[in-house]
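J.: Here is my input, please return the structure:
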Amino acid sequence: MNQPTYLVIGNPIAHSKSPQIHAAFAAQFAGRAEVADFAYDRLLAPIDAFAAAVAQFAENGGKGANVTVPFKEEAFRLSVARTDRAEAAGAVNTLKLLPDGGLLGDNTDGAGLVADVLRHIEVRGRRILLLGAGGAARGVILPLLAQAPQSLILANRTVAKAEQLIAHFQAATTIPLAACEYAAIEGEFDLVINATSASLGGERLPIANSIFAPNALAYDMMYGKDETPFLAQAREAGVSLRVDGLGMLVGQAAEAFEVWTGLRPDVEPVLAMMRAQL
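T.: The predicted structure follows:
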């Protein structure tokens, strides 16, 4: 491969599907000047040498990078300019080299989630329940609120953490926000999003079947070849509209591709390709 102009940087990184996704995006624009030098690869950065790895990549002609665990917070600190959604998330998953050599930090996770959800339901006027209060949840709250839902409830095992996160966003919106423990969830919700890592460990969440409104969408940010534990819970609760996070993965990549190239790729065929490869 030629010297990559774009990378996904993480540790570990061998599992990343970003090279296949971005190669497919670039192929949609074959012949366009914006992707004439588009070459994408993985980079395993040492845990204690992320900044040095980014600097070396830029020195070698790099133009942009996706950032995955455990470097999203460090990428945030490294960015000399940040988008509003990166500031809200407190983390950066997309870097773009600026003309002056500095780095623009963006976070496309929330936009990727919203774009995927909107393929299935409208968010405007809907009641949202967001499960989990970690970085994954924080990264999607601002884009969800931008869709003007009726309300957003954040539930977490530790209510203090959820309350802290809600307080961070409350002043910037008139949409009703609230925090609670899982056991204290009340009412029905049109969109229930699992932003916890429970599905990775094969765990179920302590939630009641009654939280799902009729025609609700159950969305798990995790994905895999098989049904996730959260989506199994939703199925058993009678939820017919159940979606895993593969579309979010492809969607956030599409956002990053546009940040770098100014070109908006078609997500559908790439999502179908990635689904077939699971």
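
J.: As a check, name the ranges of all helices in the stretch 1-150 of the chain.
T.: For the stretch 1-150 of the chain, applying DSSP state H, counting those that start in this stretch gives helices covering 18-27, 50-59, 72-78, 84-89, 109-117, 135-145.

J.: max-length helix in the protein?
T.: Looking across the chain with DSSP state H, the single longest helix is helix 246-261.

J.: Who are the packing partners of it?
T.: The contact analysis (3 or more C-beta pairs under 8 Å, 6 or more residues apart in numbering; DSSP states H and E) places helix 246-261 against helix 18-27, strand 64-67, strand 94-97, strand 103-106, helix 109-117, helix 267-277. (C-beta placed from N, C-alpha, C; glycine too.)

J.: tell me the angle it makes with helix 135-145.
T.: 80 degrees (axes from the mean of the first three to the mean of the last three C-alpha atoms, to 10 degrees).

J.: quick one: buried residues of helix 246-261?
T.: Across helix 246-261, burial judged by 16 or more other C-beta atoms under 10 Å covers 246-257, 259-261.

J.: ok and it relative to helix 267-277, angle-wise?
T.: 130 degrees.

J.: Could you export helix 246-261 as PDB, CA atoms only?
T.: The C-alpha trace of helix 246-261 is given here as PDB (Å, rounded to 0.1, in the frame of the first residue of the first chain):
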ATOM      1  CA  LEU A 246     -23.600  -1.700  12.800                       C
ATOM      2  CA  GLY A 247     -25.500   1.100  11.000                       C
ATOM      3  CA  MET A 248     -24.100   3.500  13.600                       C
ATOM      4  CA  LEU A 249     -20.500   2.300  12.800                       C
ATOM      5  CA  VAL A 250     -21.000   2.800   9.100                       C
ATOM      6  CA  GLY A 251     -22.800   6.100   9.700                       C
ATOM      7  CA  GLN A 252     -20.100   7.700  11.900                       C
ATOM      8  CA  ALA A 253     -17.600   6.600   9.300                       C
ATOM      9  CA  ALA A 254     -19.700   8.400   6.600                       C
ATOM     10  CA  GLU A 255     -19.600  11.500   8.700                       C
ATOM     11  CA  ALA A 256     -15.800  11.300   9.000                       C
ATOM     12  CA  PHE A 257     -15.400  10.700   5.300                       C
ATOM     13  CA  GLU A 258     -17.400  13.900   4.600                       C
ATOM     14  CA  VAL A 259     -15.400  15.900   7.100                       C
ATOM     15  CA  TRP A 260     -12.200  14.900   5.300                       C
ATOM     16  CA  THR A 261     -13.300  15.000   1.600                       C
END
